[in-house]
Structure formats: C-alpha cells, structure tokens
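S.K.: this one's structure only:
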Ligand SMILES: [Zn+2]
C-alpha cells in the first residue's frame, strides 16, 4: 500500500501517470509497504499468461528476491524511476522517503533494485541520470544507496508512520532492534537476485 498522502496524476503524454505527494512527507517515512492485497505472480503463473497480460505485468510489477513479481493493487504501480529518487526500497520490505518530499512533488523510486530483466532507457533529467537502467546497476551503486537508506532510517522513529502497522511482526521486531542500536543494518543488496550480478563483479 502506498502512503495515503499521495495521488495519481498525469506527468505527460510521453511518461504517462506518476504518483505525487498530496502533502509534505518527511524523510524517514515509510512510503510503501507490501500488503496482503498486492498480487504475487510466480514464474509459473507468469509463464502461463498471454502476451498482453505479460506485458502489463512487466510494466507494472517489480521482481522481488524470490523471483516473484509483485503487482500492487493501488497506485504504487505508477511510481516512476529517477536516478536521484526521493524514495528507495529497503531490505526490510518497505520503501523509505530518503529526504523530505514536498506537497506536489512526484514520488520517485530506484528501479535498479527491482531485479529488472532488461535494460530500460531513462530520461529522468537528473544530474546523475544514468541514461540506461541496467539489471546489474545495484551491484555498482549499492554502497551509495545504502548510505542514503541508513541516513533516512534514523528519522523513522521521529515521523508519523501511517503504514508501519502493515509490517509483519518479525520484520517490525528486527526494525525496532536495528533502530535501538541492537541489530545489524540490512544492505539493499539483499533485495537482489544472485543472477542479476554482472560477471565482472562476481568475485
Ligand atoms: Zn535517469
């Protein structure tokens, strides 16, 4: 489920829809948590789909570390990529606001953590735009992404968290221990399927 203070808007005819903050969302806010209504598409299910359904699944879902496509039931599936995103996936199963997001600002995410099967063009226009989003990007950039996630996680206890009740008990316990200084940080690398690792980074 995506954060309730968001709304769907047309970005442009070329880009299509995007998700925008309808009020200020502070750094450290959980912006998305997978919930029981989200659809999980196994590789077997995906393989049995017709071409049209496969194309829709590819466009609107992300692939988790188990290889399962997760198709959100709400507007979360319309969140666009940016090479300088304001939210990011974490290995605790939620997306986190990396900085303060102002009302009216588009919510953006890092598709490099979505186990992409193919390269995608990117025209996000940000200074650090990579031009292409590649399946192995996480292995090149995870250190920078982890730094951003770790910094934003420190704000988790200080801000309103409308989605935190969606975390399962084990995840919540692990998160609380980490935030209290008693648990280890989980790198975003944990989101990546081993097969996405480029050969040159294998050692
Ligand atoms: Zn870009």
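M.R.: Now that the structure is in, tell me what you want to look at. Remember, predicted model here, so these are calculated numbers, not experimental data.

S.K.: start to end distance for stretch 120-137?
M.R.: Between the opening and closing residues of stretch 120-137 there is a gap of 11 Å (CA to CA, to the nearest Å).

S.K.: could you give me the buried positions within it?
M.R.: Of the residues in stretch 120-137, those buried by neighbour count under the rule 16 or more other CB atoms under 10 Å are 122, 124, 133-137. Placement of C-beta: from N, CA and C, glycine included.

S.K.: redo those residues as a markdown table? Include secondary structure and distance to the ion.
M.R.: Formatted as a markdown table, the entries for those read as follows, by DSSP: H, G, I helix; E, B strand; the rest coil; distance: CB to the ion, whole Å:
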| residue | secondary structure | distance to the ion |
| --- | --- | --- |
| 122 | coil | 3 |
| 124 | coil | 3 |
| 133 | strand | 7 |
| 134 | coil | 12 |
| 135 | coil | 15 |
| 136 | coil | 16 |
| 137 | helix | 11 |
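
S.K.: and the closest residue to residue 189 other than its chain neighbours, what pLDDT?
M.R.: Spatial nearest neighbour of residue 189, excluding adjacent residues (CB to CB, 6 or more residues apart in numbering): residue 142 at 5.0 Å. Residue 142 is assigned a pLDDT of 97 by the prediction.

S.K.: cool, residue 194 as well?
M.R.: As summarised for this prediction, residue 194 has a pLDDT of 84.

S.K.: got phi/psi on it?
M.R.: Residue 194 adopts backbone torsions of phi -60, psi -30, taken as degrees, to the nearest 10.

S.K.: what about it, how many neighbours?
M.R.: A count of neighbours around residue 194, defined by other CB atoms under 10 Å, yields 7.

S.K.: now the helix or strand hosting the residue nearest to residue 189: buried residues?
M.R.: Residue 142 is part of helix 137-153, with elements assigned from DSSP states H and E. Buried positions in helix 137-153, judged by neighbour count with 16+ other CB under 10 Å: 137-139, 141-142, 145-146, 148-149, 152-153.

S.K.: do the same with stretch 149-166
M.R.: By neighbour count, and taking 16+ other CB under 10 Å as the criterion, the buried residues in stretch 149-166 are 149, 152-153, 155-156, 161, 163, 166.

S.K.: what is the end-to-end distance of it?
M.R.: Length of stretch 149-166, first residue to last, CA to CA: 20 Å.

S.K.: please shift the residue numbers so they start at 17 in all later answers.
M.R.: Noted, 17 is the first residue going forward, which turns the last one into stretch 165-182.

S.K.: give the rounded mean pLDDT of it.
M.R.: 98.

S.K.: buried residues, the helix or strand hosting residue 75. List them.
M.R.: Residue 75 is located in helix 67-76, with elements delineated by DSSP H and E. By neighbour count on 16+ other CB under 10 Å, the buried set for helix 67-76 is residue 73.

S.K.: that one packs against which elements?
M.R.: Where contact means 3 or more CB pairs under 8 Å, 6 or more residues apart in numbering; DSSP states H and E, helix 67-76 is packed against strand 85-87.

S.K.: contacts for the strand it packs on next, please.
M.R.: Residues outside strand 85-87 that contact it (CB atoms under 8 Å, 6 or more residues apart in numbering): 50, 54-57, 62, 73, 76-80, 93.

S.K.: alright, I will stop here.
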